[in-house]
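Asker: this one's structure only:
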């Protein structure tokens, strides 16, 4: 157990040191990349393995290591993982938030297990039935909070209304502004278009959520004309992976085009710094960090194959959320929404 | 009424001369771009307006003009459009397939009205409850037939099984090969992942559709590792628009990067022919043409804002389908699927 330095603390962040493909190296290198701050970190994991990477950390980072040799792996069945998981680096890191010792937890481990353990240890916010996975996506005119990106393959109207409330609070916090626009993802912008789920959700949101502006479509996911896009976890997950796949495909086609002739190669060399700017702007590591929102605590998921740059961004994303309390915003809207959901017959079924 | 030339006919295609943003010019210019073939075309629309563009057509294209001054417009209510629509250029073109005079119909008009009129005039294939919108998407390793892209915002398991059967037949026809791989779009590749809808669909398809290979995810929509991707119309429509939006966003970012400095501009000039090759490969007009599949006739939708290049590709797509009968393949699988759907309790609900 090592405490190097305690600055005037803003808060404590629990880190699962063993989660992700290249842990613990990517985790500790990521913490080093994030650099010094007023936050203190508690790193959970195998002390021996962690110690090998500790020299990577600069001396002005305040941290502490807590040993456990229990680990949950991606190929574990959820039930057996839940049995042993509470004593794992992931479970202990969540527990640190549950006990009030830390204000947030970050892990690059398996999403399903992380969600399951976090639900057991932290419970959902009173009034929220199901947590969602929310992330920030880049767009032409700005960034957007999108949720649910895959926690709930099937959703009720009540779930969708909750996602809108949580997205609203999250966007205010992450973008640090008050003038927020919330939209529901649909297959057309007119009121008559789409599934019963989105139509009913829209009717209720119009009644009480001042920031709600109506429907958007799939191509709006890259425009950034609204701040929050609400969708069920099935559609959201497909859309997110479709964005990633399309981007990868176009970039690889661009690469082969620029390698297809000597002239193109020379041209690409001349345009190199501009092309690098584009690559940097599109770097998915910049947008690493999703929040499992709806729980009693800030639970951040870093991508399983993210490297240290990605992990550093997941820490930045976390501190950004901690700097502005999202829970008051969520609780403030919940009462009104519950009233409207109750008044609307059949909602939540 | 003009008949210029009758070659040895392969078939007759009915064309809605007035559908789309820049009709009839884009339609007739598109027909000219498509060029001579063994097909004959019946063009429905306002004779006066059509005649102004007829000089665009080369003399070796076999066609005929049928006059109507009734038109359905995008801003019409479906009910009033259905009342007058049967006498419109779109309605008469569909009617030409219903009467057996034409083997296929192409329109760039409003999709909702087109689907509604086609359902009334052609009826669905015996055993198919709901037609779907199917289109061919480009991918890294090949093209894929995807359906449903937006006809059905809500789907039953029976609908999804039907889509798989229709996609299988369509892919065999469009790609002209027998070794077809059909997959269902999901949020994970494991059997336990996803919504009840996709899980039940997968169980049934495994029982009788030899070409069924399992689940794929959103990023597979740009890979082309399977030939058919089956999804409900809500997810499919969101995914399609997400692909379009992401591609547009990246291309626009690439453009601004290459204009950001003099050096980049010079580089881009040198790489111009390679960049043009990329642009041509990604040209959405190449993939213009969606089929409203499940009806008693080949009903092809061209994009409302497609120009003549797009319309020519919609005609090519149509002749491709006509060259190989898709209906036998669909009917061949329907009986087996119905048996399995009946055996599986609760299916179709």
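Answerer: Everything's here; your move. As the structure is a computational prediction, the values presented were derived from the model and not from experiment.
Asker: tally of neighbours for residue A:335?
Answerer: 10 (other Cβ atoms under 10 Å in any protein chain shown). For the C-beta atoms, the positions are set from N, CA and C on the backbone; glycine is no exception.
Asker: And residue A:70, by the same measure?
Answerer: 17.
Asker: Check which helices and strands whichever strand or helix holds residue A:106 sits against.
Answerer: Assessed by DSSP states H and E, residue A:106 sits inside strand A:104-107. Using 3 or more Cβ pairs under 8 Å, 6 or more residues apart in numbering or on different chains; DSSP states H and E as the contact test, the elements touching strand A:104-107 are strand A:11-16, helix A:89-98, strand A:298-301, helix A:308-323.
Asker: got the residues of the stretch 1-150 of chain A near chain B?
Answerer: A:139, A:140, A:150 (Cβ under 8 Å from any Cβ of the partner chain).
Asker: which ones are touching the last one?
Answerer: Taking Cβ atoms under 8 Å, 6 or more residues apart in numbering or on different chains as the contact definition, residue A:150 lies against A:111, A:133, A:233, A:234, A:236, A:237, A:240, B:187.
Asker: ok, longest helix in chain A?
Answerer: Ordering each helix of chain A by length in residues (DSSP state H) puts helix A:233-258 first.
Asker: Run through who's touching the helix or strand just after that one.
Answerer: Using DSSP H and E, the helix or strand that follows helix A:233-258 in sequence is helix A:262-270. Helix A:262-270 is contacted from outside by A:257-259, A:275, B:263-264, B:266-275, using Cβ under 8 Å, 6+ apart.
Asker: Could you do stretch A:335-342 as well?
Answerer: A:127, A:157, A:158, A:161, A:162, A:165, A:204, A:207, A:208, A:209, A:347, A:348.
Asker: list the contacts for the first one?
Answerer: If a contact means Cβ under 8 Å, 6+ apart, then residue A:127 has A:162, A:331, A:334, A:335, A:338 as its contacts.
Asker: Now do the phi/psi pair for it.
Answerer: Per-residue torsions, residue A:127: phi 100, psi -20 (degrees, to the nearest 10).
Asker: quick one: it and residue A:334, what's the gap?
Answerer: 4 Å (Cβ to Cβ, to the nearest Å).
Asker: okay, and the common contacts of the two?
Answerer: residue A:162.
Asker: quick one, helices of the stretch 51-200 of chain A?
Answerer: A:78-85, A:89-98, A:111-122, A:157-174, A:196-208 (DSSP state H, counting those that start in this stretch).
Asker: Which of those helices has the lowest mean pLDDT?
Answerer: Lowest mean pLDDT within these: helix A:78-85, a mean of 79.
Asker: could you give the angle of it to helix A:111-122?
Answerer: 50 degrees (axes from the mean of the first three to the mean of the last three Cα atoms, to 10 degrees).
Asker: Just the buried ones from the contacts of helix A:262-270?
Answerer: For the contacts of helix A:262-270, a neighbour count by 16 or more other Cβ atoms under 10 Å in any protein chain shown gives the buried set as A:257, A:258, A:275, B:264, B:267, B:268, B:270, B:271, B:274, B:275.
Asker: What strand or helix carries the nearest residue to residue A:207 once chain neighbours are set aside?
Answerer: Leaving aside its chain neighbours, residue A:207 sits nearest to residue A:340 (5.0 Å; criterion: Cβ to Cβ, 6 or more residues apart in numbering or on different chains). If you go by DSSP H and E, residue A:340 is part of helix A:327-343.
Asker: Pull out the buried residues from that helix.
Answerer: For helix A:327-343, using 16+ other Cβ under 10 Å, the buried residues are A:329, A:330, A:333, A:334, A:337, A:338, A:340, A:341.
Asker: Roughly how far does residue A:158 sit from chain B?
Answerer: Applying Cβ to the nearest Cβ, to the nearest Å, the value for residue A:158 to chain B is 17 Å.
Asker: Look up the pLDDT of residue A:311 for me, please.
Answerer: 96.
Asker: try residue A:216
Answerer: 98.
Asker: The one 5 residues further on too?
Answerer: In this prediction, residue A:221 carries a pLDDT score of 96.
Asker: Then residue A:73?
Answerer: Confidence score, pLDDT, at residue A:73: 72.
Asker: Name the helix or strand of chain A that has the lowest mean pLDDT.
Answerer: Here the helix or strand of chain A ranked lowest by mean pLDDT, DSSP states H and E is helix A:327-343, holding a mean of 76.
Asker: Briefly note if stretch A:185-194 comes near chain B.
Answerer: Yes - looking at stretch A:185-194 against chain B by Cβ under 8 Å from any Cβ, the contacts come from A:185, A:187, A:193, A:194.
Asker: Correct me if wrong: residue A:248 contacts residue B:222.
Answerer: Yes - if you go by Cβ atoms under 8 Å, residue A:248 and residue B:222 touch, sitting 7.2 Å apart.
Asker: When the two are compared, which one has more neighbours?
Answerer: A direct count of neighbours by other Cβ under 10 Å for residue A:248 and residue B:222 places residue B:222 higher, at 26 against 16.
Asker: is it true that the more buried one touches residue B:243?
Answerer: Yes - in this structure, residue B:222 is within contact of residue B:243 by Cβ under 8 Å, at 7.0 Å.
Asker: Run through chain A and note the low-pLDDT ranges.
Answerer: Low-confidence segments of chain A, defined by pLDDT under 70: A:1-9, A:74-75, A:339, A:342-349.
Asker: care to break it down by domain?
Answerer: A:1-122, A:130-285+A:325-349 (automatic domain parsing).
Asker: Could you find which two of the buried residues of helix A:327-343 are furthest from each other?
Answerer: The distance between the two most remote of the buried residues of helix A:327-343 (Cβ to Cβ) is 18.2 Å, for A:329 and A:341.
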